[in-house]
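K.L.:
Here you go, sequence then predicted model.
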Amino acid sequence: ASKSRTAYVCGECGAEYSKWQGQCGECGAWNTLSQVVVESASDAPAAARRGSWAGKIDPPKVTALKDVLHREDVRTSTGIGEFDRVLGGGLVEGAVVLIGGDPGIGKSTLLLQALASMAGRLPALYVTGEESLAQVAGRASRLGLPLDGLSALAETGVERILEQAVQTQPKLLVADSVQTLWTESLTAAPGSVSQVRESAARLVRYAKETGTAIFLVGHVTKEGGIAGPRVLEHMVDAVLYFEGDSGSRFRVLRAFKNRFGAVNELGVFAMSDKGLREVPNPSAIFLSGTGRQPGSCVMVTREGTRPLMVEVQALVDASPLSNPRRVAVGLEQNRLAMLLAVLHRHGGVMVGDQDVFVNVVGGIRVQETAADLPVLLAVLSSLRDRPLSEKTIAFGEIGLSGEIRPVPNGEERLKEAATHGFLRAIVPKANAPKAGSYKGMEVIAVERLADALEAAA
Ligand code: TYD
Ligand code: MG
């Protein structure tokens, strides 16, 4: 008899429970748990264990790590510099990379471009479960991509995909998308958490056994019905998310997890009718370009290894609700609530009866705390309906007692702002040069929130 057991897995974060519960204890999401079958009987290590007990199969061998043969990371360039940057310098042999993002953001386009560029060097197989081969070929010719060495397969059954892979021996495989994959070993519907997990697990095993690099495409979904890429994060080597505003032509690829490189590295692309174009010098593309407006503050963020100028916008408006809204787009929601509390307690500015909306221009996400000061300056500017003085930037973390804390790479950020013609910077004291100016830019060093609010007034 098969020794399968059931477990419950959260579709948001992938946490596993033995019993069903309404709320995930890990990530706090509601109604995201669904049942999965964990087939321990077909599980290879378990089978080996049983076999060795019966004395039939050799026991697993322990090897001294120094005797294990390994090749120094063999990296292949994707032919797209910004993509290589996010991967940590190219694609590693046998690596499994998950690329997540909203439907329509450009995942298939990016991978087709990368594949076409790599196919001459690595035999590649593009497995599509969403589009027909004619659609894929049509897209490739629209993008003007060379097709030599690139094979495609329209298939969703993992067993058949692997059968083909064993025959044709690609060194690079793309599965677009994981949500369409299914394995015969489970009865659950394609797209369910258990199917997506088990199908991906088989591909991962294949990658590790054969040294084939695999890209898995995963659509990010808000509804619990279809398993999101997050349930796969722990089993792959790298997780890259594609971000961007549907209204903007810029797209950002971010490494969220990477066993072979730095996390939070950003690759920036612009959409065009010939596909994604690299933006190797992205610094100022996320500024709105509308000039001085109330509720806007430009900051220099440093996501990954490059400084980036981004604009934080705030709208503060009298609320009709007894519980006014706090909405953060591109920033962390809880942090906004905390910052507004600090603004009240240590800045003496009350927004308790106001709706507060904060947005980062261009659909980009800023995760670092250096955004704290720009957020509050934008909020204050909107509340007072007065723009910040012309050509001003700010950055700095704000502590709970109202202190402005330094951020990493202060000088690099100042340099970037000066290069882009900014005239004034409001920054933490420890990040400010003693002279009070930097390359002709006035630098105002602040230690307390009150100082910063005064400097911005
Ligand atoms: P697609 O790559 O299919 O998105 P995803 O795989 O993430 O769902 O892109 C969506 C549409 O946008 C598709 O019709 C092609 C078009 N597109 C361009 O025309 N130029 C581009 O640079 C990109 C990225 C997409
Ligand atoms: Mg697609």
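P.N.:
Now that the structure is in, tell me what you want to look at. Ligands and ions are numbered 1, 2, ... in the order given.
K.L.:
Run through the residues of this protein sitting next to ligand 1.
P.N.:
Selection of the chain residues close to ligand 1 by CB under 6 Å from any ligand atom yields 101, 103-109, 271-273, 275-276. Bear in mind the C-beta positions are built from the backbone N, C-alpha and C, glycine included.
K.L.:
Reformat the residues you listed as JSON lines; add distance to residue 441 and secondary structure.
P.N.:
Formatted as JSON lines, these follow (distance: CB to CB, whole Å; DSSP: H, G, I helix; E, B strand; the rest coil):
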{"residue": "101", "distance to residue 441": "36", "secondary structure": "strand"}
{"residue": "103", "distance to residue 441": "43", "secondary structure": "coil"}
{"residue": "104", "distance to residue 441": "40", "secondary structure": "coil"}
{"residue": "105", "distance to residue 441": "36", "secondary structure": "coil"}
{"residue": "106", "distance to residue 441": "36", "secondary structure": "coil"}
{"residue": "107", "distance to residue 441": "40", "secondary structure": "helix"}
{"residue": "108", "distance to residue 441": "43", "secondary structure": "helix"}
{"residue": "109", "distance to residue 441": "39", "secondary structure": "helix"}
{"residue": "271", "distance to residue 441": "33", "secondary structure": "strand"}
{"residue": "272", "distance to residue 441": "34", "secondary structure": "strand"}
{"residue": "273", "distance to residue 441": "39", "secondary structure": "coil"}
{"residue": "275", "distance to residue 441": "38", "secondary structure": "strand"}
{"residue": "276", "distance to residue 441": "34", "secondary structure": "strand"}
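K.L.:
For the stretch 51-200 of the chain, just list every one of the helices.
P.N.:
81-87, 107-118, 133-142, 158-168, 193-210 (DSSP state H, counting those that start in this stretch).
K.L.:
Any chance of CSV for those helices, columns mean pLDDT and mean neighbour count?
P.N.:
Formatted as CSV, those follow (pLDDT from 0 to 100; neighbours: other CB atoms under 10 Å):
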stretch, mean pLDDT, mean neighbour count
helix 81-87, 95, 23
helix 107-118, 94, 23
helix 133-142, 93, 14
helix 158-168, 95, 15
helix 193-210, 92, 21
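K.L.:
So which of these is nearest residue 184?
P.N.:
Of all the helices of the stretch 51-200 of the chain, helix 158-168 sits nearest to residue 184, with 5.6 Å by CB to CB.
K.L.:
between that closest one and helix 193-210, how big is the angle?
P.N.:
Here the directions of helix 158-168 and helix 193-210 differ by 20 degrees (axes from the mean of the first three to the mean of the last three CA atoms, to 10 degrees).
K.L.:
one step back: now tabulate the helices of the stretch 51-200 of the chain in CSV and tack on distance to residue 308.
P.N.:
Shown next, in CSV, are the helices of the stretch 51-200 of the chain (distance: least, CB to CB, whole Å):
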stretch, distance to residue 308
helix 81-87, 13
helix 107-118, 20
helix 133-142, 30
helix 158-168, 39
helix 193-210, 32
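K.L.:
give me phi/psi at the closest residue to residue 251 other than its chain neighbours?
P.N.:
Among residues not flanking residue 251 along the chain, residue 244 sits closest, at 4.1 Å (CB to CB, 6 or more residues apart in numbering). For residue 244, the backbone dihedrals (degrees, to the nearest 10) come out as phi 160, psi 160.
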